[in-house]
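S.K.: quick one: sequence and predicted model below, then my questions.
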Amino acid sequence: KAGVTQTPRYLIKTRGQQVTLSCSPISGHRSVSWYQQTPGQGLQFLFEYFSETQRNKGNFPGRFSGRQFSNSRSEMNVSTLELGDSALYLCASSFGQAAEQFFGPGTRLTVL
Amino acid sequence: AQKVTQAQTEISVVEKEDVTLDCVYETRDTTYYLFWYKQPPSGELVFLIRRNSFDEQNEISGRYSWNFQKSTSSFNFTITASQVVDSAVYFCALSLIYNQGGKLIFGQGTELSVKP
């Protein structure tokens, strides 16, 4: 069974630009969660989608948004990038609430 | 509010030593799950274990064992006879079952270095 895939793996952007990251969950998983990992703040929850609906949201500004498609694939978007958005963005999928989450390899975003 | 604390930032051991990684959590909910994940240098988080709040039985899986004690709000992880391949950052995480099941609250992680 294929694992969680994330594209692209690496991304370099400049301040003010926007970016879209993609995540394909494990087949059969309907829940997709996104996390931001930085050296200073650690792993922080961004949001979770289940059956195309946002079910949970972390404490991030509105510049961070996401969506989920009918095939459970998910995208997250960050608009008006700031230097502090440089991070590893991890996507995880699971069968449902409180089930173990399986993580993808992440997208390393660098904002210059 | 919920919180997970991993007080040990870095641990360094010599191969074959036993090592315990500490995890203390805070929540007012009585129903929750606890997790351990491993993050090797490649960056991908690897699931190790999930334990629900009603199951305080210790678990052993090969060289890994977990000790869950609700009385002290701790969920500690022990690696027996450590190996160089165990070198990684280990994260403890908490998930509330109701309404926030898809949200993992992570500790800051413990970086384990196993030297040959």
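M.R.: Good, I have the coordinates. The structure presented is a predicted model; accordingly, all values stated were derived computationally and were not measured.
S.K.: strands paired with the helix or strand bottoming out on mean pLDDT in chain B, and their directions?
M.R.: Least confident element among the helices and strands of chain B, by mean pLDDT, DSSP states H and E: strand B:59-61 (a mean of 87). Neighbouring strands of strand B:59-61 in its sheet, by DSSP bridges, are strand B:64-69 (antiparallel).
S.K.: buried ones in the strand it pairs with?
M.R.: Neighbour-count burial for strand B:64-69, with 16 or more other CB atoms under 10 Å in any protein chain shown as criterion, is recorded at B:Y64, B:S65, B:W66, B:F68. In short, each C-beta sits where N, CA and C put it, glycine included.
S.K.: between which two of these is the distance greatest?
M.R.: By the measure CB to CB, B:Y64 and B:F68 form the most distant pair in those, at 13.5 Å.
S.K.: ok so, going back, quick one: contacts of the least confident helix or strand of chain B?
M.R.: Strand B:59-61 is contacted by residues B:I49, B:R51, B:S65, B:W66 when judged by CB atoms under 8 Å, 6 or more residues apart in numbering or on different chains.
S.K.: ok, these vs chain A, which is closest?
M.R.: Within these, proximity to chain A (CB to the nearest CB) peaks at B:I49, which comes in at 8.5 Å.
S.K.: what about the closest one, helix or strand, and which?
M.R.: Assigned by DSSP states H and E, B:I49 falls within strand B:46-52.
S.K.: for the residue in chain A positioned nearest to chain B, grab the count of nearby residues.
M.R.: In chain A, the residue that lies nearest chain B is A:Q97 (2.7 Å; CB to the nearest CB). As a burial measure, A:Q97 scores 20 neighbours (other CB atoms under 10 Å in any protein chain shown).
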